[in-house]
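A.B. asks: no FASTA, just this:
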(Lines give C-alpha, C1' and ligand atoms only; values in the text may rest on other atoms or scores of the structure.)
Protein backbone atom coordinates (compact mmCIF):
# COMPACT_ATOMS: atom_id res chain seq x y z
CA UNK A 1 0.00 0.00 0.00
CA UNK A 2 1.37 3.43 -0.99
CA UNK A 3 0.93 6.25 1.50
CA UNK A 4 1.94 9.93 1.68
CA UNK A 5 3.79 10.48 4.94
CA UNK A 6 5.33 13.45 6.69
CA UNK A 7 9.10 12.90 6.77
CA UNK A 8 9.12 13.26 10.55
CA UNK A 9 6.70 10.32 10.75
CA UNK A 10 8.29 8.16 8.04
CA UNK A 11 10.98 6.27 9.98
CA UNK A 12 10.73 2.61 9.03
CA UNK A 13 8.82 3.33 5.83
CA UNK A 14 10.01 2.12 2.42
CA UNK A 15 10.54 4.68 -0.34
CA UNK A 16 8.54 4.05 -3.52
CA UNK A 17 10.73 6.33 -5.63
CA UNK A 18 14.25 7.72 -5.93
CA UNK A 19 14.88 10.98 -4.08
CA UNK A 20 17.17 13.44 -5.87
CA UNK A 21 19.49 15.89 -4.18
CA UNK A 22 20.56 19.07 -5.99
CA UNK A 23 23.35 21.38 -4.85
CA UNK A 24 23.58 24.14 -7.52
CA UNK A 25 26.91 24.05 -9.29
CA UNK A 26 28.16 21.12 -7.22
CA UNK A 27 25.97 18.02 -7.29
CA UNK A 28 22.85 16.55 -8.78
CA UNK A 29 22.10 12.89 -8.17
CA UNK A 30 20.32 10.29 -6.16
CA UNK A 31 20.31 10.80 -2.41
CA UNK A 32 18.04 7.84 -1.64
CA UNK A 33 17.07 5.00 -3.91
CA UNK A 34 13.75 3.33 -4.40
CA UNK A 35 13.28 0.68 -1.74
CA UNK A 36 15.38 2.47 0.91
CA UNK A 37 14.11 2.01 4.45
CA UNK A 38 14.07 5.40 6.14
CA UNK A 39 16.00 5.74 9.41
CA UNK A 40 16.16 8.47 12.06
CA UNK A 41 19.46 9.63 10.58
CA UNK A 42 17.80 10.18 7.17
CA UNK A 43 15.20 12.65 8.40
CA UNK A 44 17.47 15.78 8.62
CA UNK A 45 18.84 15.22 5.09
CA UNK A 46 15.37 14.72 3.62
CA UNK A 47 14.23 17.98 5.21
CA UNK A 48 17.40 19.72 4.04
CA UNK A 49 16.70 18.83 0.40
CA UNK A 50 13.15 20.09 0.70
CA UNK A 51 11.23 16.85 1.24
CA UNK A 52 8.57 17.40 3.86
CA UNK A 53 6.47 14.51 2.57
CA UNK A 54 7.38 11.25 0.83
CA UNK A 55 5.58 8.46 -0.94
CA UNK A 56 6.19 5.32 1.07
CA UNK A 57 5.36 1.66 0.82
CA UNK A 58 3.75 0.28 3.92
CA UNK A 59 4.59 -3.37 4.48
CA UNK A 60 1.55 -5.34 5.47
CA UNK A 61 1.48 -8.53 7.52
CA UNK A 62 3.32 -11.41 5.84
CA UNK A 63 5.27 -9.14 3.48
CA UNK A 64 9.08 -8.87 3.23
CA UNK A 65 11.12 -6.08 1.68
CA UNK A 66 13.48 -7.10 -1.16
CA UNK A 67 16.60 -6.25 0.85
CA UNK A 68 15.63 -8.40 3.81
CA UNK A 69 14.55 -11.22 1.49
CA UNK A 70 17.90 -11.27 -0.32
CA UNK A 71 19.84 -11.25 2.93
CA UNK A 72 17.81 -14.10 4.37
CA UNK A 73 18.16 -16.28 1.28
CA UNK A 74 21.89 -15.59 1.02
CA UNK A 75 22.44 -16.48 4.68
CA UNK A 76 20.50 -19.72 4.26
CA UNK A 77 22.51 -20.71 1.18
CA UNK A 78 26.02 -19.73 2.30
CA UNK A 79 28.23 -22.44 3.70
CA UNK A 80 31.80 -22.40 5.02
CA UNK A 81 34.28 -20.10 3.33
CA UNK A 82 31.71 -17.54 2.20
CA UNK A 83 30.79 -14.06 3.36
CA UNK A 84 27.96 -11.75 2.31
CA UNK A 85 28.17 -8.35 0.69
CA UNK A 86 26.01 -5.46 1.73
CA UNK A 87 22.72 -5.38 -0.09
CA UNK A 88 22.83 -3.22 -3.22
CA UNK A 89 19.79 -2.58 -5.41
CA UNK A 90 18.07 -5.55 -3.83
CA UNK A 91 20.95 -7.99 -4.44
CA UNK A 92 23.35 -9.70 -2.07
CA UNK A 93 26.56 -11.27 -3.36
CA UNK A 94 28.29 -14.24 -1.76
CA UNK A 95 32.06 -13.67 -1.59
CA UNK A 96 34.82 -16.24 -1.17
CA UNK A 97 36.65 -15.60 2.09
CA UNK A 98 39.60 -17.81 1.11
CA UNK A 99 41.15 -19.58 -1.83
CA UNK A 100 39.47 -22.92 -2.24
CA UNK A 101 37.26 -25.21 -4.27
CA UNK A 102 33.86 -23.75 -5.06
CA UNK A 103 31.15 -26.34 -4.49
CA UNK A 104 27.57 -25.78 -5.58
CA UNK A 105 24.69 -28.20 -5.01
CA UNK A 106 23.39 -27.78 -8.54
CA UNK A 107 20.20 -29.78 -7.97
CA UNK A 108 19.30 -27.63 -4.97
CA UNK A 109 20.16 -24.50 -6.95
CA UNK A 110 17.78 -25.59 -9.71
CA UNK A 111 15.01 -26.21 -7.16
CA UNK A 112 15.60 -22.80 -5.62
CA UNK A 113 15.22 -21.07 -8.97
CA UNK A 114 11.85 -22.74 -9.58
CA UNK A 115 10.38 -20.64 -6.75
CA UNK A 116 8.53 -17.69 -8.33
CA UNK A 117 10.18 -14.30 -7.73
CA UNK A 118 13.45 -15.82 -6.45
CA UNK A 119 16.69 -15.77 -8.46
CA UNK A 120 20.06 -17.17 -7.40
CA UNK A 121 23.09 -17.32 -9.72
CA UNK A 122 26.50 -18.87 -9.09
CA UNK A 123 29.81 -19.44 -10.79
CA UNK A 124 30.52 -23.01 -11.86
CA UNK A 125 31.02 -25.72 -9.27
CA UNK A 126 34.29 -27.65 -8.77
CA UNK A 127 36.65 -24.84 -9.70
CA UNK A 128 39.23 -22.98 -7.67
CA UNK A 129 38.34 -19.46 -6.63
CA UNK A 130 40.68 -16.92 -5.06
CA UNK A 131 39.75 -15.25 -1.82
CA UNK A 132 37.77 -12.03 -2.21
CA UNK A 133 36.00 -13.02 -5.43
CA UNK A 134 32.19 -12.77 -5.61
CA UNK A 135 31.00 -16.25 -6.61
CA UNK A 136 27.20 -15.97 -6.40
CA UNK A 137 24.36 -13.50 -6.02
CA UNK A 138 20.70 -13.56 -5.10
CA UNK A 139 17.65 -11.32 -4.99
CA UNK A 140 13.90 -11.36 -5.34
CA UNK A 141 12.23 -9.72 -8.31
CA UNK A 142 9.50 -7.53 -6.74
CA UNK A 143 10.13 -4.75 -4.23
CA UNK A 144 8.01 -6.64 -1.72
CA UNK A 145 7.56 -10.40 -1.57
CA UNK A 146 5.43 -12.79 0.48
CA UNK A 147 6.96 -14.20 3.65
CA UNK A 148 5.94 -17.64 2.38
CA UNK A 149 8.18 -17.20 -0.67
CA UNK A 150 11.22 -16.36 1.43
CA UNK A 151 10.54 -19.22 3.82
CA UNK A 152 10.30 -21.68 0.90
CA UNK A 153 13.62 -20.45 -0.43
CA UNK A 154 15.27 -20.80 2.97
CA UNK A 155 13.92 -24.34 3.32
CA UNK A 156 15.37 -25.39 -0.05
CA UNK A 157 18.76 -23.94 0.89
CA UNK A 158 18.86 -25.74 4.22
CA UNK A 159 17.43 -29.09 3.12
CA UNK A 160 20.84 -30.35 2.00
CA UNK A 161 23.00 -27.56 3.34
CA UNK A 162 25.18 -25.99 2.27
CA UNK A 163 23.89 -24.99 -1.13
CA UNK A 164 27.22 -23.30 -1.84
CA UNK A 165 30.56 -23.30 -0.08
CA UNK A 166 34.29 -22.83 -0.60
CA UNK A 167 36.21 -25.88 0.59
CA UNK A 168 39.78 -25.26 1.76
CA UNK A 169 42.65 -26.85 -0.15
CA UNK A 170 44.99 -29.04 1.88
CA UNK A 171 48.69 -28.14 1.92
CA UNK A 172 50.17 -31.53 1.08
CA UNK A 173 53.73 -32.73 0.51
CA UNK A 174 53.78 -33.92 -3.10
CA UNK A 175 56.11 -36.49 -4.58
CA UNK A 176 57.02 -36.32 -8.27
CA UNK A 177 58.42 -39.19 -10.32
CA UNK A 178 59.74 -38.22 -13.75
CA UNK A 179 60.17 -41.14 -16.13
CA UNK A 180 62.17 -41.34 -19.34
CA UNK A 181 65.66 -42.64 -20.04
CA UNK A 182 66.61 -39.47 -21.93
CA UNK A 183 65.94 -37.31 -18.85
CA UNK A 184 67.34 -39.89 -16.44
CA UNK A 185 70.63 -39.98 -18.38
CA UNK A 186 70.80 -36.20 -18.64
CA UNK A 187 70.46 -36.15 -22.42
CA UNK A 188 67.64 -33.60 -22.23
CA UNK A 189 66.57 -31.15 -19.56
CA UNK A 190 63.44 -31.89 -17.56
CA UNK A 191 60.82 -29.24 -18.32
CA UNK A 192 57.93 -30.99 -16.57
CA UNK A 193 59.04 -30.81 -12.94
CA UNK A 194 59.13 -26.99 -12.68
CA UNK A 195 55.65 -26.73 -14.20
CA UNK A 196 54.21 -29.26 -11.74
CA UNK A 197 55.97 -27.57 -8.83
CA UNK A 198 54.55 -24.17 -9.80
CA UNK A 199 51.01 -25.47 -10.23
CA UNK A 200 51.04 -27.15 -6.83
CA UNK A 201 52.55 -24.05 -5.22
CA UNK A 202 49.66 -21.97 -6.59
CA UNK A 203 47.29 -24.40 -4.85
CA UNK A 204 49.16 -24.18 -1.54
CA UNK A 205 51.05 -27.51 -1.68
CA UNK A 206 54.78 -28.20 -2.05
CA UNK A 207 56.75 -30.70 -4.06
CA UNK A 208 58.83 -32.43 -1.36
CA UNK A 209 61.05 -34.35 -3.78
CA UNK A 210 61.36 -35.21 -7.46
CA UNK A 211 62.83 -38.56 -8.45
CA UNK A 212 64.16 -39.30 -11.94
CA UNK A 213 63.90 -42.85 -13.28
CA UNK A 214 64.49 -44.58 -16.57
CA UNK A 215 61.81 -46.41 -18.52
CA UNK A 216 62.34 -49.44 -16.26
CA UNK A 217 58.98 -50.19 -14.54
CA UNK A 218 60.76 -51.61 -11.49
CA UNK A 219 62.55 -48.31 -10.88
CA UNK A 220 59.28 -46.40 -11.31
CA UNK A 221 57.44 -48.61 -8.82
CA UNK A 222 60.26 -48.27 -6.30
CA UNK A 223 60.26 -44.49 -6.70
CA UNK A 224 56.49 -44.19 -6.20
CA UNK A 225 56.45 -46.44 -3.14
CA UNK A 226 59.56 -44.77 -1.74
CA UNK A 227 58.03 -41.30 -1.92
CA UNK A 228 54.90 -42.52 -0.15
CA UNK A 229 57.05 -44.06 2.59
CA UNK A 230 58.82 -40.69 2.92
CA UNK A 231 55.49 -39.00 3.58
CA UNK A 232 54.14 -37.89 0.22
CA UNK A 233 50.36 -37.45 0.39
CA UNK A 234 50.08 -37.53 -3.40
CA UNK A 235 52.45 -38.82 -6.09
CA UNK A 236 52.51 -37.38 -9.59
CA UNK A 237 54.18 -39.37 -12.35
CA UNK A 238 55.23 -37.48 -15.47
CA UNK A 239 56.31 -38.87 -18.81
CA UNK A 240 55.48 -42.08 -20.62
CA UNK A 241 51.70 -41.68 -20.57
CA UNK A 242 50.99 -42.26 -24.27
CA UNK A 243 50.31 -45.57 -26.02
CA UNK A 244 53.78 -45.93 -27.53
CA UNK A 245 55.44 -49.29 -26.73
CA UNK A 246 58.23 -47.55 -24.77
CA UNK A 247 55.76 -45.60 -22.60
CA UNK A 248 55.35 -47.79 -19.55
CA UNK A 249 54.11 -45.40 -16.87
CA UNK A 250 50.51 -46.71 -16.71
CA UNK A 251 51.79 -50.28 -16.28
CA UNK A 252 54.18 -49.10 -13.57
CA UNK A 253 51.39 -47.38 -11.65
CA UNK A 254 49.32 -50.57 -11.83
CA UNK A 255 52.32 -52.60 -10.65
CA UNK A 256 52.39 -50.70 -7.34
CA UNK A 257 49.16 -52.51 -6.44
CA UNK A 258 47.19 -49.28 -6.63
CA UNK A 259 43.48 -49.33 -7.47
CA UNK A 260 43.16 -47.72 -10.89
CA UNK A 261 40.21 -45.33 -11.05
CA UNK A 262 40.57 -44.40 -14.72
CA UNK A 263 43.06 -44.26 -17.56
CA UNK A 264 41.87 -41.88 -20.25
CA UNK A 265 39.85 -38.73 -19.63
CA UNK A 266 37.30 -37.12 -21.99
CA UNK A 267 39.21 -33.85 -22.02
CA UNK A 268 41.36 -32.10 -24.60
CA UNK A 269 44.00 -31.31 -23.44
CA UNK A 270 44.46 -34.14 -20.99
CA UNK A 271 43.12 -37.32 -22.58
CA UNK A 272 46.07 -39.54 -21.54
CA UNK A 273 45.42 -39.02 -17.83
CA UNK A 274 45.52 -41.70 -15.16
CA UNK A 275 44.24 -41.70 -11.58
CA UNK A 276 44.84 -44.47 -9.07
CA UNK A 277 44.85 -44.84 -5.29
CA UNK A 278 47.36 -46.79 -3.24
CA UNK A 279 45.38 -46.93 -0.03
CA UNK A 280 44.47 -43.30 0.61
CA UNK A 281 47.31 -41.87 -1.47
CA UNK A 282 46.34 -40.70 -4.96
CA UNK A 283 48.78 -41.49 -7.76
CA UNK A 284 48.35 -39.37 -10.86
CA UNK A 285 49.80 -40.00 -14.29
CA UNK A 286 50.04 -36.64 -16.05
CA UNK A 287 50.13 -36.37 -19.85
CA UNK A 288 52.67 -34.10 -21.50
CA UNK A 289 50.07 -31.44 -22.36
CA UNK A 290 50.26 -30.17 -18.78
CA UNK A 291 53.65 -28.66 -19.68
CA UNK A 292 52.29 -26.60 -22.54
CA UNK A 293 48.71 -25.57 -21.77
CA UNK A 294 47.58 -23.27 -18.99
CA UNK A 295 44.39 -25.24 -18.32
CA UNK A 296 44.30 -29.04 -18.54
CA UNK A 297 42.92 -32.11 -16.79
CA UNK A 298 45.27 -31.23 -13.89
CA UNK A 299 43.20 -28.16 -13.08
CA UNK A 300 39.92 -30.09 -13.19
CA UNK A 301 40.92 -32.97 -10.93
CA UNK A 302 43.81 -32.07 -8.61
CA UNK A 303 42.00 -29.26 -6.72
CA UNK A 304 39.14 -31.64 -5.91
CA UNK A 305 41.59 -34.10 -4.41
CA UNK A 306 43.27 -31.37 -2.36
CA UNK A 307 39.81 -30.33 -1.13
CA UNK A 308 39.39 -33.77 0.42
CA UNK A 309 37.34 -35.49 -2.26
CA UNK A 310 38.03 -39.02 -3.47
CA UNK A 311 37.58 -38.54 -7.20
CA UNK A 312 35.68 -41.34 -8.92
CA UNK A 313 35.54 -42.73 -12.44
CA UNK A 314 32.13 -41.08 -12.88
CA UNK A 315 33.58 -37.71 -11.81
CA UNK A 316 36.17 -37.88 -14.57
CA UNK A 317 33.80 -39.29 -17.21
CA UNK A 318 31.36 -36.42 -16.58
CA UNK A 319 33.97 -33.91 -17.74
CA UNK A 320 33.26 -34.71 -21.39
CA UNK A 321 30.58 -32.02 -21.73
CA UNK A 322 32.77 -28.92 -21.58
CA UNK A 323 35.99 -30.93 -21.76
CA UNK A 324 37.09 -29.51 -25.11
CA UNK A 325 39.31 -26.46 -24.59
CA UNK A 326 38.61 -23.70 -27.11
CA UNK A 327 42.30 -22.82 -27.32
CA UNK A 328 41.75 -19.10 -26.79
CA UNK A 329 44.74 -16.87 -27.68
CA UNK A 330 44.68 -15.50 -24.11
CA UNK A 331 43.72 -18.20 -21.61
CA UNK A 332 41.28 -16.93 -19.01
CA UNK A 333 40.56 -20.18 -17.24
CA UNK A 334 38.54 -20.66 -15.05
CA UNK A 335 36.45 -17.80 -16.47
CA UNK A 336 35.54 -19.93 -19.48
CA UNK A 337 33.66 -23.10 -20.41
CA UNK A 338 36.49 -25.63 -20.03
CA UNK A 339 35.48 -28.50 -17.79
CA UNK A 340 32.04 -27.07 -17.07
CA UNK A 341 29.27 -29.43 -18.10
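C.D. replies: Perfect, thanks for sending it. None of the values given here were measured: they were computed from a predicted structure. Residues are numbered from 1 along each chain as shown.
A.B. asks: tell me the domain ranges of the chain?
C.D. replies: 2-57, 63-167, 173-320 (automatic domain parsing).
A.B. asks: Pick out the residue closest to the middle of this protein.
C.D. replies: Nearest to the mean C-alpha position of the chain, by CA atoms, centre = their mean, lies residue 102 at 2.6 Å.
A.B. asks: That one bridge partners, please.
C.D. replies: On the basis of DSSP bridges, residue 102 is bridged to residue 127, residue 166.
A.B. asks: hang on, it packs against residue 123?
C.D. replies: Yes - between residue 102 and residue 123 a contact is recorded at 6.1 Å, counting by CB atoms under 8 Å. C-betas here are computed from N, CA, C, even on glycine.
A.B. asks: With distance to residue 341 and mean pLDDT added, can I get the domains of the chain in CSV?
C.D. replies: Output for the domains of the chain, formatted as CSV (distance: least, CB to CB, whole Å; pLDDT from 0 to 100):
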stretch, distance to residue 341, mean pLDDT
domain 2-57, 37, 81
domain 63-167, 9, 96
domain 173-320, 6, 94
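A.B. asks: To residue 334, which of the ones you listed lies closest?
C.D. replies: The minimum distance between residue 334 and the domains of the chain falls on domain 63-167, with 4.4 Å, by CB to CB.
A.B. asks: Compute the number of surrounding residues for residue 49.
C.D. replies: 14 (other CB atoms under 10 Å).
A.B. asks: With residue 32 as the reference, measure out to the residue nearest to it when sequence neighbours are not counted.
C.D. replies: Using CB to CB, 6 or more residues apart in numbering and skipping residues adjacent in sequence, the residue nearest residue 49 is residue 21, 4.8 Å away. Using CB to CB, to the nearest Å, we find residue 21 at a distance of 8 Å from residue 32.
A.B. asks: With neighbour numbers in mind, choose between these two.
C.D. replies: When residue 21 is set against residue 32 and neighbours are counted by other CB under 10 Å, the residue ahead is residue 32, at 20 against 16.
A.B. asks: Tell me the bridge partners for the more buried one.
C.D. replies: Beta-bridge partners, per DSSP bridges, of residue 32: residue 19.
A.B. asks: can you pull the contacts of it?
C.D. replies: By CB atoms under 8 Å, 6 or more residues apart in numbering, residue 32 lies in contact with 15, 18-19, 38, 42, 46.
A.B. asks: rerun that using 7 Å as the cut-off
C.D. replies: Residue 32 sits next to 15, 18-19, 42 when contact means CB atoms under 7 Å, 6 or more residues apart in numbering.
A.B. asks: hang on, the earlier thing: wait, the residue nearest to the centre of the chain sits on residue 166?
C.D. replies: Yes - counting by CB atoms under 7 Å, residue 166 is a contact partner of residue 102 at 5.7 Å.
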